[in-house]
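Engineer: What shape does this take:
(2 chains)
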Protein chains: 2
Amino acid sequence: MNRIMEVVPNFSEGRNVEVVERIVNCFRNLDNVKLLDYSSDKDHNRTVVTVVGEPEALKAPILEAVKVAKETIDLRTHSGEHPRMGAMDVCPFIPIKNVTMEEAVALAKEVGEAIGAMDIPVFLYEKAASSPERENLAKVRKGQFEGMAEKMKEDAWHADFGPADHPHESFGCVAVGARMPLVAFNVNLNTPDIAIADFIAKRVRFIGGGLRFTKAMGVELKERHITQISMNMTDYTKTSLYQSLEMVRNEAKRFGVSVVGTEIIGLLPMDALIQSAEFYMGIENFSRDQILETRIMD
Amino acid sequence: MNRIMEVVPNFSEGRNVEVVERIVNCFRNLDNVKLLDYSSDKDHNRTVVTVVGEPEALKAPILEAVKVAKETIDLRTHSGEHPRMGAMDVCPFIPIKNVTMEEAVALAKEVGEAIGAMDIPVFLYEKAASSPERENLAKVRKGQFEGMAEKMKEDAWHADFGPADHPHESFGCVAVGARMPLVAFNVNLNTPDIAIADFIAKRVRFIGGGLRFTKAMGVELKERHITQISMNMTDYTKTSLYQSLEMVRNEAKRFGVSVVGTEIIGLLPMDALIQSAEFYMGIENFSRDQILETRIMD
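Structural biologist: Numbering: from 1, shown residues only, chains lettered A, B, ... in the order given. As a prediction, this is how the structure comes out:
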């Protein structure tokens, strides 16, 4: 695969193994599509599927999975802790390699239109959003399945594709969008004082005046008697992990607190770490084409 | 490709483009084999080809390239600056991913035997060597093409495969072996004093009592008025790049000298840099399976 798009559809079924398997099977044994991971949560009653592939090759299996979800999941009888508004609840396209955000947006719109033709209302969100109010997924989903019939009557909340003013009776509706890969990056501090962690988190994060693509909050790790700056790096290509780490380290100094380690949760693109190797090692004129794996994947 | 072996055959032709293309074409358009790079040097009159592939899939194209080299290159009329003893001069197999050094050695022996059956003497070297004296390529090749007829008469220098006591009249003979990937890693120092660079190089390198898998020498970068520790990391899985870098940095301190940058020359496996990111960022419990590219390639 030379051009790689990731797609992470979330389905509102995490308990019925048979249904989960039918959905996941849509992404198996395909040319130029690779199922990377899937995990079901019984409390959330939700399954998250991670797939990569050539952009064009992802369309058919996503639509097939929507069809299966429509046949097998009924939101009228669904309960779970995680907010949801549809059988396939959310479907972000994420550019990984040799594809642009513009292509991810185009793919989200193309897939969204096709889902709309299946009589399911589609809201475009994040980079694919048709208006600023729809960028934030939480705002789009507010009211959840039970509230959407009422919400969609408002002009401001008509769907982008499919039935404009009412959800599908059993499926509900779906948010389809495009975003950068998220990297969950935590920095551990040798203090049990959550007030210090909170203070640092606020200095580092975008909304507090910190780094443009960093979300951060303080967390207590009670078993270890330490605290953590738990961060979401929302565009590692622009704000690097090492920038967040060094900013945390600097802010911690005034309290006499040190960084004792870091964690990366879940998947991340190779380049998010290569950037840091380049920075800390001071590598001059390094090209990604010098990495064997880059060449092998081309 | 799930299992990846690299092979870097060197051919004694760097001037005749037609011959070079015939050789390189042996590695094109194949299943589970990928030509990564090739470069010809006119002064050396030599072409280095870099190929990766599933181990089994590499055998046929290598043997095909030997056949082409046998038909097109005549060592009796070959001249060039680089030492050489055969039309395909040397052929190292290098384990990259999900393959062991033992498998690289086995593949070298299998390919060596098949080349021997083509009436070409084969010397196994490095990890595939049949005796300690044959581990070092320079020792095996000493005397070069012109000296091999005499050298091979000695019992100690009988070939491992093929005609034992005489080279092929036009092809000469070939060294086939197995080794770890080499990483060429240079550290630049803010001193023009080559004596300081030489001193540091000697402290850091294996033969001077330094790191097990580091070769190092001092080099002047005259245009930049600085010096460099030029290193060959002979097994980055055991001696990491950051270990060499930090040792250079420490040794430089006594002279009041600092590291001003580093360079990586040519290709290197992703993991050689990920190790350093892990070290400098202090990432706890990181698994290579968290890297998207690792999963995509599986």
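
Engineer: Strands of chain A, start to end?
Structural biologist: A:4-7, A:10-11, A:33-41, A:46-53, A:88-97, A:122-126, A:174-178, A:183-189, A:214-221, A:226-233, A:259-265 (DSSP state E).

Engineer: Quick one: list the elements packing against the fourth one.
Structural biologist: Okay, so that is strand A:46-53. If you count contacts as 3 or more CB pairs under 8 Å, 6 or more residues apart in numbering or on different chains; DSSP states H and E, strand A:46-53 packs onto strand A:4-7, strand A:10-11, helix A:17-25, strand A:33-41, helix A:55-72, helix B:292-297. Bear in mind the C-beta positions are built from the backbone N, C-alpha and C, glycine included.

Engineer: again, but for the second one
Structural biologist: When contacts are defined as 3+ CB pairs under 8 Å, 6+ apart, strand A:10-11 sits against strand A:46-53, strand A:88-97.

Engineer: Quick check, pLDDT for A:Asp198.
Structural biologist: A:Asp198 is assigned a pLDDT of 97 by the prediction.

Engineer: Spatially nearest residue to it, not counting backbone neighbours?
Structural biologist: A:Gly218 (3.8 Å; CB to CB, 6 or more residues apart in numbering or on different chains).

Engineer: dump the residue contacts of that neighbour.
Structural biologist: By CB atoms under 8 Å, 6 or more residues apart in numbering or on different chains, the contact list for A:Gly218 reads A:194, A:196-201, A:227-230.

Engineer: which parts of the stretch 1-150 of chain A sit against chain B?
Structural biologist: A:1, A:4, A:6, A:34, A:36-37, A:52, A:96 (CB under 8 Å from any CB of the partner chain).

Engineer: Can you give me every residue that contacts the residue in chain A that chain B sits nearest to?
Structural biologist: Residue nearest to chain B within chain A (CB to the nearest CB): A:Tyr280, separated by 3.6 Å. Contacts for A:Tyr280 were tallied using CB under 8 Å, 6+ apart; they are A:242, B:276-277, B:280-281.

Engineer: which stretches of chain A aren't confidently modelled?
Structural biologist: Within chain A, no stretch has pLDDT under 70.

Engineer: picking up where we left off before, now the buried members of the contacts of A:Gly218.
Structural biologist: Buried members of these, scored by 16 or more other CB atoms under 10 Å in any protein chain shown, are A:196-201, A:227-230.

Engineer: which among those gets closest to A:Asn188?
Structural biologist: Nearest to A:Asn188, judged by CB to CB, of those is A:Gln228 at 5.1 Å.

Engineer: my guess is the closest one meets A:Ala184, correct?
Structural biologist: No: taking contacts as CB atoms under 8 Å, A:Gln228 lies outside contact range of A:Ala184: 11.5 Å.

Engineer: dump the residue contacts of the residue nearest in space to the middle of chain A.
Structural biologist: Chain A has A:Leu182 as the residue nearest its centroid, 5.9 Å off, counting by CA atoms, centre = their mean. Contacts of A:Leu182 were listed using CB under 8 Å, 6+ apart, and they are A:232-234.

Engineer: Tell me which residues touch the closest residue to A:Phe185 other than its chain neighbours, please.
Structural biologist: Leaving aside its sequence neighbours, A:Phe185 sits nearest to A:Met231 (CB to CB, 6+ apart; 4.9 Å). Counting by CB under 8 Å, 6+ apart, A:Met231 makes contact with A:184-187, A:201, A:204-205, A:214-216, A:244.
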